[in-house]
Structures are given as C-alpha cells and as structure tokens.
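[1] Quick one: sequence plus predicted model below, questions after.
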Amino acid sequence: MQFGPDELDDPMVALPNLKQTRTVSEYHKSSIKQAFLVDDSEMNLISLFLAGLREDLREKVKLDKPMRMVASYRSAHARELIVITGKRLSKFQSYEAKNPLHCILQSAKPWPLSQPIRKAIHTSFSEEVDSNTSRGV
C-alpha cells in the first residue's frame, strides 16, 4: 500500500534529476513537461535546465548568461549544432585526405569555375579513376 505520491511521479524530484541523454530538443521537451508541473521561478528552471545539459554544452551556454528559458534552449540548441557540424567537417576532412584528386580540384582554381562545372569535372575525373582502377590501369 502506498501513501502519497511516488518519487518517480513527483515533478519536484524528477526535474532536478533530469539529464540530457539525447538531443537538446528532446531534453528541452522533457524539462518543459516537468516545469509545467512545478511552481518555480524561471531562473530556478533555467538553473535546473543547465544542470542537466551535457557538460560540454553547459559551460558554453552559461557563458551566454541566459535570463529566459527560451534563451537557454536556443543557446544550447545552437551550441549542439556547432558540435554536430564540427564532427561532420572532420569526417569531410578525413575524406579529403583519402581522396587527393578531390583536394586538387578544390584547391586548384586557375579559372573562375562555377560550382556546377567544378562538380561535373570532379564527377568525370572520379569516373575515369574508377574505370582505370577496375581495369587494372
């Protein structure tokens, strides 16, 4: 038999224990759901939101000193996008290192080539290299 609310159902317990495990958007949705059930000041809610962010994001968002919940979410979301973009860029740079032809085409620009022309040249060279490789040339 249980008397009173379960700790897991109590938003006053759940909100401080909420941690970001996936994206900032998903974490924000969860924290807002809990925040609606708690009668607390916006500054306290911001503090709880920041405390649950991943550490790498938390420190950067704190530098922005958000005064509104929406500002803290936007800052965290923007910082997360920067991290994701950085990871994608490092993968692309890894691709360039493995494909020197791509680097040559990107760095050697003796003529003002438009992007579609540059892409067509890259495609034709890539197809030629693939064809020669498959024939053993």
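    Perfect, I can see it now. Numbers count the residues shown, from 1 in each chain.
[2] what's the domain layout of this structure?
    Recorded structural domains for the chain (assignment: automatic domain parsing) are 1-98, 99-137.
[3] Least confident of these, on average?
    Lowest mean pLDDT within the domains of the chain: domain 99-137, at a mean of 57.
[4] ok, which stretches of this structure are strands?
    Using DSSP state E, the chain contains no strands.
[5] any idea which helix is longest in it?
    If you go by DSSP state H, the chain has its longest helix at helix 69-98.
[6] Show me what that one is packed against.
    Contacts defined by 3 or more C-beta pairs under 8 Å, 6 or more residues apart in numbering; DSSP states H and E place helix 69-98 against helix 24-36, helix 42-52, helix 55-64, helix 100-107. Backbone N, C-alpha and C define where each C-beta goes, glycine included.
[7] can you put those helices in TSV and add mean neighbour count?
    Below are the helices and strands packed on helix 69-98 laid out as TSV (neighbours: other C-beta atoms under 10 Å):
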stretch	mean neighbour count
helix 24-36	17
helix 42-52	17
helix 55-64	14
helix 100-107	12
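[8] Need those in JSON lines (columns: distance to residue 12).
    Below are the helices and strands packed on helix 69-98 laid out as JSON lines (distance: least, C-beta to C-beta, whole Å):
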{"stretch": "helix 24-36", "distance to residue 12": "9"}
{"stretch": "helix 42-52", "distance to residue 12": "11"}
{"stretch": "helix 55-64", "distance to residue 12": "22"}
{"stretch": "helix 100-107", "distance to residue 12": "55"}
